[in-house]
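>>> Predicted model, plus sequence, below.
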Amino acid sequence: MAELCILQLFTLHMEDKGLKLEDCISLRPLQPRDLDRDSILFEQIKDLNQRKMATLKLMRAIRVSEFGGPSVLKLCTDVPVPKPAQKQVLIQVHACGVNPVETYIRAGAYSRKPRLPYTPGSDVSGVVVEVGEGVDLFKAGDRVFTTGSETGGYAEYSVASEDTVHRLPDSLDFTQGAAIGIPYFTAYRALFQKAHAKAGETVLVHGASGGVGIAACQMARAFGMKVLGTAGTPEGIEQVLKNGAHQAFNHRQKGYIDKIKIVGSRGTIEINPRDTMLKELSIIGVALFSSTREEKTECAAALFAGMDAGWLKPVVGPQYTIDKAAEAHENIINSPGATGKMVLIM
């Protein structure tokens, strides 16, 4: 009751000065400039703030306070560990996938912009430490991976909605778990929910040595398609062939496209948009965020079948510690020849 009275008095005191309570009681220590030096409330409020800080469990996390280049990814060591709400799960993060789309969001170049400040990352893998009210499918100690995060994955702890959390089989380690989310769900959505690919058809996967590309090659081969893939390095070519492609081409090699016979060996194609109407052709964009709950459920079922059958084997590429997140963002865009899925480890 005493603390409540102090806070009420303090609120009135600061409103007189045109300030809000949250401007003064925060996760940082109070400074003398926050209040008049002669205020009788200063030491009392400072003590309350210190006790508040002492009861909070803090973690390391990457925070973005402004849109821009990789340098805006800042490692903070005093971020409060989030609490799971109803139907949410708190995960101790062991690894988090790094996806190109996260660099577009960070730069402010993506159509969906998060509210600042925020923590990037969605493809978390780790161990459940706490569940919110109404969670029935998971308990503390479960090994899991996610296809989404409410609080961001570039952190030591992350909260995810129960319907985006999936059990991680013992056959896969945490770095592999962090390589499943966006890559495999995107590949499945592109191949089957959008392109309606079928056994016996031919699929060309351009840039097939990265996370999504390897997922698409494994999946297409498992479903009976002829798989062609491209990569930019000899190592990438080797990975593409190891992961389902019948043939692979170096897309940095001059004239490589001459080796790929397109539509009766006619070479490259110039597309007249009017012809797409006449022939009912489709140029399809894929946005995983647009998936319905039913589509996500269908995809998850197919991927778990792939884990059981053994064809779903995430290939982990470069690994970075959380303090190297900016370097990871730089390299995922500018380093030639991606090989495997890039992940952050905590």
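That came through, no problem. Numbering: from 1, shown residues only.
>>> Quick check on Ala325: phi, psi?
Backbone geometry at Ala325, expressed as degrees, to the nearest 10, gives phi -60, psi -40.
>>> Verify the contact between it and Gly152 for me.
No: between Ala325 and Gly152 there is no contact under CB atoms under 8 Å: 11.2 Å. Where you see a C-beta, it was placed from the backbone N, CA and C, and this is true even at glycine.
>>> Spell out which residues are contacts of both of these two.
Residues touching both Ala325 and Gly152 (CB atoms under 8 Å, 6 or more residues apart in numbering): Ile62, Pro120.
>>> elements contacting the helix or strand that contains Lys296?
For Lys296, the element it lies in under DSSP states H and E is helix 293-309. With contacts taken as 3 or more CB pairs under 8 Å, 6 or more residues apart in numbering; DSSP states H and E, helix 293-309 sits against helix 181-188, helix 211-222.
>>> C-terminal to it, what's the next element?
Heading C-terminal from helix 293-309, the first helix or strand you meet, by DSSP H and E, is strand 316-321.
>>> ok, and what's touching that following strand?
98, 175-176, 179, 210-211, 327-328, 331, 338-346.
>>> mind listing which of those are in helices?
Among those, the ones falling in helices (DSSP state H) are Thr175, Gln176, Gly211, Glu327, Ala328, Asn331.
>>> Of the residues you listed, which pair is most distant in space?
For the ones in helices among the contacts of strand 316-321, the maximum inter-member distance is 21.8 Å, found between Gln176 and Glu327 (CB to CB).
>>> higher neighbour count, those two?
Gln176 (21 against 14; other CB atoms under 10 Å).
>>> distance between stretch 192-203 and the chain's centre?
Offset of stretch 192-203 from its chain centre (CA atoms, centre = their mean, to the nearest Å): 26 Å.
>>> One more: stretch 170-187?
Worked out by CA atoms, centre = their mean, stretch 170-187 lies 11 Å from the chain centre.
>>> Next, the distance between the ends of it.
Counting by CA to CA, to the nearest Å, you get 23 Å between the two ends of stretch 170-187.
>>> Could you give the average pLDDT over it?
Stretch 170-187 shows a mean pLDDT of 95.
>>> Next, Tyr224: secondary structure please.
Check again: residue 224 is Gly, not Tyr. Assigned state for Gly224: coil (three-state reduction, DSSP: H, G, I helix; E, B strand; the rest coil).
>>> how much space is there between it and Ile283?
Separation of Gly224 from Ile283 (CB to CB, to the nearest Å) stands at 25 Å.
>>> Mind checking which of these two has more residues around it?
More crowded of Gly224 and Ile283, by other CB under 10 Å: Gly224, with 11 against 7.
>>> surely that one meets Thr202?
No: the criterion here is CB under 8 Å, and Gly224 misses it with Thr202 at 11.3 Å.
>>> Run through the helices of the protein in chain order.
2-16, 21-24, 42-55, 100-107, 174-177, 181-188, 211-222, 234-242, 273-278, 293-309, 325-334.
>>> mind checking how far the last one is from the chain centre?
Using CA atoms, centre = their mean, we find the averaged C-alpha position of helix 325-334 to lie 14 Å away from the chain's own average C-alpha position.
>>> Check which residues of it are buried.
Ala325, Ala326, Ala328, His329, Glu330, Asn331, Ile332 (16 or more other CB atoms under 10 Å).
>>> ok, now which ones touch the last one?
For Ile332, the residues meeting the contact criterion (CB under 8 Å, 6+ apart) are Val98, Asn99, Pro100, Thr103, Ala338, Met342.
>>> Same question for the third one.
In this structure, Ala328 makes contact with Val98, Pro318, Tyr320, Met342, Leu344, judged by CB under 8 Å, 6+ apart.
>>> Same check on the second one?
Counting by CB under 8 Å, 6+ apart, Ala326 touches Pro70, Ser71, Leu73.
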